[in-house]
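Enquirer: the following comprises the amino acid sequence and a computationally predicted model.
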Amino acid sequence: MTDPGDWARWLDYFPTNEVLARSRTTVVARAAVGESESAGDGAGAARAVIVKRYEVVGLRGLWRRFGSRPLSCRTHAWHEGRALRALAALGLGPAVFATIEKRRFGFLPWRGIIVMEDLAGYLPLPALGLCDSRPSCGAALAETLGDAVRRMHDAGFEHRDLHPRNVLVRFDARSAAYDPRFIDCRKARLGRRPLPPAVRARDRAPLRAWLEKTLGDPAAARFDAVGGATAGVKASG
């Protein structure tokens, strides 16, 4: 892959040198795109991207995914790409460079591919070192996550899979601040109005449970206090 603008070629190309996650229907890998490294003039430096591929496996999978509306349905990749773009607009998700669908028989979406930004320097929340676990760092992380989740919910975005593994965080030592990004949004729902309190509480429950277990009740309470509806924003019922 030498031309990062020719996204259609990703349909028949998939990197095998750095697979990050694999399941029966999904593969996530890191790949380098750009000019050939043999260019020799320094202009051919490649950039890293994340490629996520969804596949529908077997007739049973095809029926479960598309049986009720085979002519109008979309793949998980299309839905997740749309959700990630919405998060990126809020500064809370990776940039999406392309979302591609490959269809069989001319109309059935069979494979979906997302090409997105590689968030270098970000770690899954469970793998993040918390400044020697000092209480002040735990409070800062809980407050930052609460603010990010509140902004997401105020924009009408319901993640619906807000587990710690789907939250990537980078710690900036110079500013002593955390910078979160949310991923894995194929189940997300996008609305036009701020989410009501009950939906907010349900959506942030897995993340709150992790904070409570890992950092204690004060961090969970801080997460709740900051992660509620913004003052003056009326949640839709």
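Expert: Perfect, I can see it now. Please read all numbers here as calculations on a predicted model, not as lab measurements.
Enquirer: going by C-alpha atoms from here, please, whenever you check contacts or count neighbours.
Expert: OK.
Enquirer: need the three-state assignment for the residue nearest to Ile50 when sequence neighbours are not counted.
Expert: In space, and not counting its chain neighbours, Ile50 is closest to Arg30: 4.6 Å by C-alpha to C-alpha, 6 or more residues apart in numbering. Following DSSP: H, G, I helix; E, B strand; the rest coil, the label given to Arg30 is strand.
Enquirer: correct me if wrong: Arg30 contacts Val49.
Expert: Yes: using C-alpha atoms under 8 Å, Arg30 is in contact with Val49, at 5.8 Å.
Enquirer: where do the contact lists of those two overlap?
Expert: Asp118 (C-alpha atoms under 8 Å, 6 or more residues apart in numbering).
Enquirer: burial measure for Arg24, as a count.
Expert: Neighbourhood size, Arg24 [other C-alpha atoms under 10 Å]: 9.
Enquirer: and what of Arg165?
Expert: Arg165: 16 neighbours (other C-alpha under 10 Å).
Enquirer: wait, it sits on Leu125?
Expert: Yes: counting by C-alpha under 8 Å, Arg165 touches Leu125, with 6.1 Å between them.
Enquirer: in this protein, what residue spans correspond to helices?
Expert: All helices of the chain, identified by DSSP state H, fall at 58-66, 76-89, 135-154, 197-215, 217-227.
Enquirer: deepest-packed of those, please.
Expert: Counting by mean count of other C-alpha atoms under 10 Å, helix 135-154 has the highest mean neighbour count of the helices of the chain, with a mean of 22.
Enquirer: okay, now the domains of this structure?
Expert: Structural domains assigned to the chain are 7-117, 123-227, following automatic domain parsing.
Enquirer: coming back round to it: ok, which of the helices of the chain comes nearest Gly191?
Expert: Comparing these against Gly191 with C-alpha to C-alpha, the closest turns out to be helix 135-154 (9.4 Å).
Enquirer: excluding chain neighbours, what is closest to the spatially most central residue of the chain?
Expert: In the chain, the C-alpha nearest the mean C-alpha coordinate belongs to Ile183, at 1.3 Å (C-alpha atoms, centre = their mean). Nearest residue to Ile183, sequence neighbours excluded (C-alpha to C-alpha, 6+ apart): Asn166, at 5.2 Å.
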